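A.B. asks: Just need the structure, nothing else, for what follows:
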Amino acid sequence: MEKRPVTVRVARWSAEHPWRAIALWVVFVAVCFVGGSMAGTVEATNRDQAIGESGRADVIVGDGHFDNPAAESILITARTGALDNDAAMRAAADVRTAMQALPDVAEVADPLPSHDKSALMVRVTLKGDPDTAQDRLAPLVAATADVQQRHPDLRVEETGGPSISKAMDDTLGKDFQRAEYLSLPVTFAILIVAFGALIAAGVPVLLALSSVAAALGLSTLASHLVPSTDTTSSVILLIGMAVGVDYSLFYLRREREERARGREHLDAVEIAAETSGHAVVVSGVAVTIAMAGLFLAGDVVFSSLAIGSILVVLVAVLGSLTVLPALLSKLGRWIDRPRVPLLWRLTRPRSSMTQASSVGTQSARAGDPPQGSRVWSAILRPALRRPAATLTISVLALLALAAPALSMRLTFPGMEDLPRTTPAMQAYDRLVKAYPSNGTTHTVAVRVPAGQVDNAKAALTQLAQKAAADPLFAPLDQEPRIEVSADGRVAVLDVATPFEGRSEQARESLTRLRTQLVPQTLGAVPGAETAVGGFVAADVDYAAHVQQKLPLVMGFVLVLTFIVMAFTFRSVVVALTSIALNMLSAAASYGLVVLIFQGTWAEGILGFKSMDAVVSWLPLFLFVVLFGLSMDYHVFVVSRIREAVRRGLTTREAVAQGISGSAGVVTSAAVVMVAVFTIFATLSTIDMKQLGVGLAAAILLDATIIRAVVLPSLMTLLGDANWWAPRFMRPRPKPQHALAEGERVFLKV
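C.D. replies: Presented below is the predicted three-dimensional model:
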């Protein structure tokens with residue numbers, strides 16, 4: 001007898017020894033999570049994250065080991081009309097007295113009037129670790145409120161790095177908390193609708209959550225090799241819930257179908273392992289390849305995300321192949337309990353599917369899908385009867401949707417993109433208007449040999465004076481503040497521009513600094529190493545970095561995915577069409593993101609202020625995530641079509657049956673993903689909105705137009721050519737294993 005596939009052997013052992021398999025899984029998850037917690041996380045440093053000249057500037061500043069205490073600004077302005085200078089000075093004196101009495105305050109500066117005399121600012125420097133300053137703001141806020149109460153005719157308000165960070169943490173914390181609270185019940189509710197039974201709905205969620213827990217622990221261990229970033233855990237949760245639920249859905253729905261056809265429980269588990277389990281493995285490999293492409297970006301943030309994503313995908317695959325058969329075996333028919341009456345009648349597998357699947361030619365016409373789903377009969381009819389016209393129209397529609405991506409502009413979200421709902425941000429806007437030097441700044445960093453620091457300071461002073469006389473830069477509110485490291489090797493100067501960080505004027509000021517002002521001044525200092533950093537520089541450098549690395553990442557993912565798909569399905573054509581369809585889906589999602597976020601028409605609908613660009617990191621990250629997740633559906637659907645072909649059906653009949661048979665599970669999985677990603681689109685920050693809309697739109701397009709229109713019309717048009725492969729790739733003839741009810745198909749990699 002032919003040796004069974006490894007997925008079948010593992011599933012059979014698991015089903016025959018369910019308590020052992022469940023116990024081993026629980027131990028595995030616990031060891032990973034606890035081990036990771038004990039090992040701790042290694043966070044990425046500025047040196048790890050350095051990109052371009054702005055990254056070099058961060059490294060130089062970091063090497064200076066400057067003591068940069070946290071500071072707040074108390075802004076005093078008139079509520080209406082011109083500012084009463086005497087009244088403002090009295091309020092400033094009260095501010096100084098109140099702040100100097102606080103134990104966490106290190107220094108209170110003299111009041112500084114603005115150039116237009118419309119405001120008065122008192123700068124307050126805090127003691128202690130600047131990273132925890134936002135936790136010690138309460139006394140300062142109370143003191144500011146007290147001064148405001150004593151001067152009701154003036155506006156006395158506090159802003160600064162710590163208060164803005166606290167306001168954003170509070171706002172975003174509530175956002176993410178709401179997203180976490182919503183995602184789990186929404187996922188569970190959709191699965192209840194998909195299965196019509198509570199336990200069946202709970203199993204995919206349980207597997208996904210346990211996979212996430214194990215991957216979080218493993219990722220902390222991996223951070224000792226590749227430093228982690230703040231976003232890694234969020235991406236693990238996002239990807240883990242998506243693939244964990246998907247893989248369980250594929251497996252569970254196939255097992256239920258086979259039981260409905262009259263299989264014994266163990267046989268149903270084996271067939272599910274042999275078919276859906278195989279699809280899960282191939283899908284996991286495809287997602288892993290896509291995520292591995294992020295390593296080529298040469299960016300520790302993307303490398304960290306790749307590690308986390310790959311780990312959670314591999315753990316989810318392992319769980320679906322090992323503990324899931326054990327759970328199905330132990331639960332037996334209890335998997336369909338407790339039933340939701342109406343939903344159960346609509347969603348339960350029907351034994352009549354056996355007849356349709358074993359014969360496949362009972363449709364009224366050869367081009368019609370198998371009976372049993374009027375909706376899918378109507379959806380598939382155009383693709384099966386007129387494939388050329390359907391393919392042309394659908395592809396042209398997707399290309400039209402993708403066209404706006406050609407005008408995509410990349411940028412970082414800046415201070416102007418943060419929500420203006422908090423007092424700290426409203427005060428910040430008034431502060432920058434009165435004191436432009438407190439807004440967008442360029443950081444000029446210079447490293448010099450020993451004994452050259454005085455020359456460097458003189459050159460930086462000259463640079464500041466030249467910049468102040470240039471309309472691209474802000475005038476000096478006070479003498480240039482040049483910081484020098486304790487060892488006299490590093491000097492730093494901030495040069496402000498009155499323009500928003502994403503504006504063309506701000507970019508032009510950066511260019512002038514890098515190409516003219518810095519060479520003209522610091523270029524005369526012997527042995528000086530210079531770099532210009534700051535928000536504008538990081539924005540420009542990172543966009544250039546992404547544009548340079550994106551083709552490399554895409555090429556890597558496409559080539560390796562082609563190889564995997566070609567050898568999985570023993571078909572070059574299937575591999576090429578897989579890549580083409582996923583590229584089409586990704587391009588359409590790019591176009592939709594550009595259409596929504598580079599214009600203003602959707603601002604009121606989604607609650608955002610257009611930044612007239614796409615977040616710099618989004619195209620690269622979106623591509624690999626979408627390419628990986630789209631392969632879930634593609635592998636599953638094409639596997640069902642290939643099964644039908646091997647049973648002797650024509651390609652047209654196999655396409656109809658494979659897509660109709662997989663429509664329920666693909667739709668359910670897609671609805672779960674779209675719902676979760678849509679929740680991210682409701683968050684306050686523009687980058688999360690773009691990510692949520694991009695992912696949700698791409699999955700929706702992929703599960704509807706691509707899988708229900710483009711794929712069937714293309715495969716129907718190609719016919720037997722779908723399965724063409726060179727001689728060395730063609731499978732050797734294998735003996736068929738007959739079963740009591742129909743023919744059993746073994747899918748081989």
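A.B. asks: okay, CA-based contacts and neighbour counts for the rest of this
C.D. replies: Noted.
A.B. asks: ok, which stretches of the chain are strands?
C.D. replies: In the chain, the segments counted as strands under DSSP state E are 71-78, 105-108, 112-113, 119-126, 154-160, 410-411, 440-447, 482-484, 490-497, 529-534, 614-615, 737-738, 743-744.
A.B. asks: among those, which is nearest Leu314?
C.D. replies: strand 743-744 (27.8 Å; Cα to Cα).
A.B. asks: Please state the mean pLDDT value computed over the closest one.
C.D. replies: Taken as a whole, strand 743-744 carries a mean pLDDT of 40.
A.B. asks: ok, now stretch 433-449?
C.D. replies: Computed over stretch 433-449, the average pLDDT equals 88.
A.B. asks: and if you look at stretch 27-46?
C.D. replies: 89.
A.B. asks: what do you get for stretch 513-531?
C.D. replies: Stretch 513-531 comes out at a mean pLDDT of 93.
A.B. asks: Kindly reformat the strands of the chain as CSV containing distance to Ala675.
C.D. replies: Compiled in CSV, these are given as follows (distance: least, Cα to Cα, whole Å):
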stretch, distance to Ala675
strand 71-78, 41
strand 105-108, 47
strand 112-113, 51
strand 119-126, 44
strand 154-160, 37
strand 410-411, 27
strand 440-447, 37
strand 482-484, 50
strand 490-497, 42
strand 529-534, 37
strand 614-615, 22
strand 737-738, 42
strand 743-744, 36
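A.B. asks: Poorly predicted segments of the stretch 451-600 of the chain, please.
C.D. replies: Within the stretch 451-600 of the chain, no stretch falls below the threshold (pLDDT under 70).
A.B. asks: Ok, the stretch 601-749 of the chain next?
C.D. replies: 731-749.
A.B. asks: same thing but 80
C.D. replies: The stretch 601-749 of the chain contains residues with pLDDT under 80 at 631-633, 661-665, 680, 683-685, 728-749.
A.B. asks: In JSON lines, list the strands of the chain along with distance to Phe295 and mean neighbour count.
C.D. replies: Shown next, in JSON lines, are these (distance: least, Cα to Cα, whole Å; neighbours: other Cα atoms under 10 Å):
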{"stretch": "strand 71-78", "distance to Phe295": "38", "mean neighbour count": "23"}
{"stretch": "strand 105-108", "distance to Phe295": "44", "mean neighbour count": "17"}
{"stretch": "strand 112-113", "distance to Phe295": "49", "mean neighbour count": "19"}
{"stretch": "strand 119-126", "distance to Phe295": "40", "mean neighbour count": "23"}
{"stretch": "strand 154-160", "distance to Phe295": "36", "mean neighbour count": "23"}
{"stretch": "strand 410-411", "distance to Phe295": "21", "mean neighbour count": "22"}
{"stretch": "strand 440-447", "distance to Phe295": "29", "mean neighbour count": "25"}
{"stretch": "strand 482-484", "distance to Phe295": "36", "mean neighbour count": "19"}
{"stretch": "strand 490-497", "distance to Phe295": "32", "mean neighbour count": "26"}
{"stretch": "strand 529-534", "distance to Phe295": "25", "mean neighbour count": "23"}
{"stretch": "strand 614-615", "distance to Phe295": "20", "mean neighbour count": "24"}
{"stretch": "strand 737-738", "distance to Phe295": "43", "mean neighbour count": "11"}
{"stretch": "strand 743-744", "distance to Phe295": "41", "mean neighbour count": "14"}
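A.B. asks: So for Trp376, which of those strands sits nearest?
C.D. replies: Closest among the strands of the chain, using Cα to Cα: strand 743-744, at 25.2 Å.
A.B. asks: Identify whichever of the strands of the chain lies nearest to Cys32.
C.D. replies: Of all the strands of the chain, strand 614-615 comes closest under Cα to Cα, at 33.9 Å.
A.B. asks: Partner strands of the closest one and their direction?
C.D. replies: strand 410-411 (parallel) (DSSP bridges).
A.B. asks: Nearest to Phe250 among the strands of the chain would be which one?
C.D. replies: Closest among the strands of the chain, using Cα to Cα: strand 743-744, at 18.1 Å.
A.B. asks: right, and the strands of the chain - which one's nearest Thr568?
C.D. replies: strand 743-744 (18.4 Å).
A.B. asks: Tell me how this protein divides into domains.
C.D. replies: If you go by automatic domain parsing, the domain ranges for the chain are 1-39+196-355, 71-167, 439-540.
A.B. asks: which of the ones you listed has the lowest average pLDDT?
C.D. replies: Looking at these, the weakest mean confidence is domain 1-39+196-355, a mean of 86.
A.B. asks: Can you give me the neighbour number for the nearest residue to Ala214 once chain neighbours are set aside?
C.D. replies: Distance criterion Cα to Cα, 6 or more residues apart in numbering; nearest residue to Ala214, sequence neighbours excluded, is Val29 at 4.7 Å. Look at Val29: counted by other Cα atoms under 10 Å, it has 21 neighbours.
A.B. asks: my read: Val29 touches Val212, true?
C.D. replies: No. Contact criterion Cα atoms under 8 Å: Val29 and Val212 do not qualify, at 9.1 Å.
A.B. asks: Quick one: end-to-end length of stretch 606-624, please.
C.D. replies: 25 Å (Cα to Cα, to the nearest Å).
A.B. asks: Likewise for stretch 442-451?
C.D. replies: 26 Å.
A.B. asks: same deal with stretch 524-532?
C.D. replies: 16 Å.
A.B. asks: Show me how far it is from its chain's centre.
C.D. replies: Counting by Cα atoms, centre = their mean, to the nearest Å, stretch 524-532 is centred 38 Å from the centre of its parent chain.
A.B. asks: Same question for stretch 684-692.
C.D. replies: 10 Å.
A.B. asks: what residues does it touch?
C.D. replies: Around stretch 684-692, the neighbours that count as contacts under Cα atoms under 8 Å, 6 or more residues apart in numbering are 171-172, 175, 413, 417-419, 593, 597, 608-609, 614-615, 618, 622, 677-683.
A.B. asks: Okay, and which of these map to helices?
C.D. replies: Thr171, Leu172, Asp175, Val593, Phe597, Leu618, Leu622, Phe677, Thr678, Ile679, Phe680 (DSSP state H).
A.B. asks: show me the residues around the first one that make contact.
C.D. replies: Contacts for Thr171 (Cα under 8 Å, 6+ apart) come out as Ser684.
A.B. asks: Having no further points to raise, I will conclude here.
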